[in-house]
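In: Here is a sequence with its predicted model. Questions after.
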Amino acid sequence: MKAGLRPVALGEQLAELLRGRIVGGELAPGTHLVEDALATEHDVSRGPVRDALRILTGEGLLESRRRGYWVRGFTVADIDELYQIRSAAEHLACGLALQRATEGDWAMARHYVAVMQETADRGEGHAYAKADLAFHTEFYVLSGNARLLALWRQYQPTFATLLDVTNAQDSDLHPSAHDHVRLLELAEVGDAVRFAEVLDGHLEGSRRRMKNAIASRPDLAAIS
């Protein structure tokens, strides 16, 4: 198969590929995505293509019109909107998690922090990003709110792409890893006030790095 697609969850895989091209500026705003052309390019049937286009429309990266799908592009305004949504959702999720969780519930979060420290030492940006998102997802899981978790799942793939962009720009991932160590320490002792303060700074730093990545890359700056 072309573009390294596996015969499992083809729609999600194609969505991931196209998401990267949109966020990276390779697919310019206003580009018309044609189902038949995408199916031929990636050697898949039209079913997975339709699935991918629906996924990306739900994420706000595509616009559905009467005659098909068009790329909306990815701008600074999109970054701000995404982080506004994430900040509100994550503060709620974390507040609920800190109320509900017991000491043993933090085992997976500890594991992901350890992975982040190891991958930061090795400078492995993509592996770091996966552990980073898995860490944050734990708080949504521990919140006990299924709808809140579903909201996060909707936007998580976009944030995965954003993290890949920013981590490729960061020469040192250790400051980010330290943020997560501190968040875990505060979660374990149940210090919700200080946790919220550190989370605010962490998310704002992430948002700022993404904007800097756009400013420093011609292909992304063209759509900002």
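Out: All right, it came through fine.
In: so who does residue 91 touch?
Out: Neighbouring residues of residue 91 by Cβ atoms under 8 Å, 6 or more residues apart in numbering: 196, 199. Heads up, the C-betas are built off the backbone N, CA and C, glycines and all.
In: Could you report the pLDDT at it?
Out: Residue 91 carries a pLDDT value of 98.
In: So for the nearest residue to residue 58 once chain neighbours are set aside, what's the pLDDT?
Out: Leaving aside its sequence neighbours, residue 58 sits nearest to residue 154 (Cβ to Cβ, 6 or more residues apart in numbering; 6.6 Å). Per-residue pLDDT puts residue 154 at 90.
In: for residue 154, helix, strand, or coil?
Out: helix (DSSP: H, G, I helix; E, B strand; the rest coil).
In: Assess the claim that residue 195 and residue 183 are in contact.
Out: Yes. Between residue 195 and residue 183 there is a contact under Cβ atoms under 8 Å: 6.5 Å.
In: In contact with the most centrally placed residue in the chain, which residues?
Out: In the chain, the centroid-proximal residue (Cα atoms, centre = their mean) is residue 159; its distance is 1.4 Å. Residue 159 makes contacts with 82, 86, 133, as judged by Cβ under 8 Å, 6+ apart.
In: so where's this structure uncertain?
Out: Filtered on pLDDT under 70, the chain yields the residue ranges 1-8, 169, 214-224.
In: Sketch out the helices for it, chain order is fine.
Out: 10-23, 35-42, 46-58, 76-100, 107-122, 125-143, 146-169, 174-189, 192-216, 218-221 (DSSP state H).
In: what about stretch 38-55, distance to the chain center?
Out: Computed by Cα atoms, centre = their mean, to the nearest Å, the chain-centroid distance of stretch 38-55 equals 22 Å.
In: Flag every buried residue along it.
Out: By 16 or more other Cβ atoms under 10 Å, the buried positions in stretch 38-55 come out as 38-39, 42, 44, 48-53, 55.
In: Let's have those residues in TSV, adding distance to residue 22.
Out: Shown next, in TSV, are the buried residues of stretch 38-55 (distance: Cβ to Cβ, whole Å):
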residue	distance to residue 22
38	13
39	18
42	15
44	18
48	17
49	15
50	17
51	16
52	11
53	12
55	12
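In: Most widely separated two among the residues you listed?
Out: For those, the maximum inter-member distance is 15.6 Å, found between 39 and 55 (Cβ to Cβ).
In: ok, residue 77 - how many residues close by?
Out: For residue 77, the count of nearby residues is 9 (other Cβ atoms under 10 Å).
In: what do you get for residue 102?
Out: Neighbours around residue 102, by other Cβ under 10 Å: 7.
In: got the phi/psi numbers for it?
Out: Residue 102 adopts backbone torsions of phi -110, psi 170, taken as degrees, to the nearest 10.
In: Report the contact partners of it.
Out: Counting by Cβ under 8 Å, 6+ apart, residue 102 has no contacts.
In: hang on, the earlier thing: top of the contacts of residue 159 by neighbour count?
Out: Top of the contacts of residue 159 by neighbour count (other Cβ under 10 Å): residue 86, with 21 neighbours.
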